[in-house]
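> What follows is a protein structure lacking sequence information:
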């Protein structure tokens, strides 16, 4: 069953234009636009909650959560029921955390050989512009495919081929939603990655998407469909 529990401070979030004004979203005001610090690919928007020193900020560092929106070519052969887990594993591969995801609650939870733990997954229709619809302002009816889980990642693996010290691995909670815009052959991948210093939390509340993530994604809006060519 899918239910939306919004964050209490949703009204305090700041509007942000995405992709040159082609899309918009509302995020916490303390999240920094990473493109102000380093180059970000044209198909990507990245924001980070910086909780560290000025030196680390200058180096695009920080220990806070990282929020990313990717515009990706839609994979027609990928079914909606499999889309969220596919992208979860694809992200894990980029972070050098790839292996077979174990569902939270399985007998293998906590096995040191498992770098992926998968929580709740679901598919829901959005964009209907009706009361109770999750992403009401999207501008088209489509499916949103979601999941969350934990990845035992290697910091810097996506940017440095020499990041191979296994002792440096950290657990990160990943919340993921892929909005499948079939009308423009695009998958909009939205992820929120949050460091989990104490390792995976397999409690009931932690196996579903957080109110913060749900609230942010609910504000996603396409302003200009010409963005997709």
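Cool, got the structure. All values derive from a computational prediction rather than experimental measurement.
> This protein: helices as residue ranges?
54-58, 80-94, 211-218 (DSSP state H).
> quick one, which of the ones you listed is packed in tightest?
helix 211-218 (a mean of 21; mean count of other Cβ atoms under 10 Å). Bear in mind the C-beta positions are built from the backbone N, C-alpha and C, glycine included.
> and of the helices of the chain, who's closest to residue 174?
Residue 174 lies closest, by Cβ to Cβ, to one member of those: helix 80-94, at 6.6 Å.
> Residue 74 contacts residue 178, correct?
No: judged on Cβ atoms under 8 Å, residue 74 makes no contact with residue 178 at a distance of 9.6 Å.
> circling back to that earlier point, which stretch among the helices of the chain comes nearest residue 69?
Ranking these by distance to residue 69, with Cβ to Cβ as the measure, places helix 211-218 first at 9.6 Å.
> in this structure, which segments are predicted with low confidence?
Counting by pLDDT under 70, the chain has low-confidence residues at 1-11, 50-63, 98-114, 131-132, 155-166, 202, 204-206.
> Report the central residue of it.
Centroid-nearest residue in the chain: residue 191, 0.6 Å away (criterion: Cα atoms, centre = their mean).
> And that residue, how close does it get to residue 208?
Applying Cβ to Cβ, to the nearest Å, the value for residue 191 to residue 208 is 16 Å.
> what does residue 77 give?
Separation of residue 77 from residue 208 (Cβ to Cβ) stands at 29 Å.
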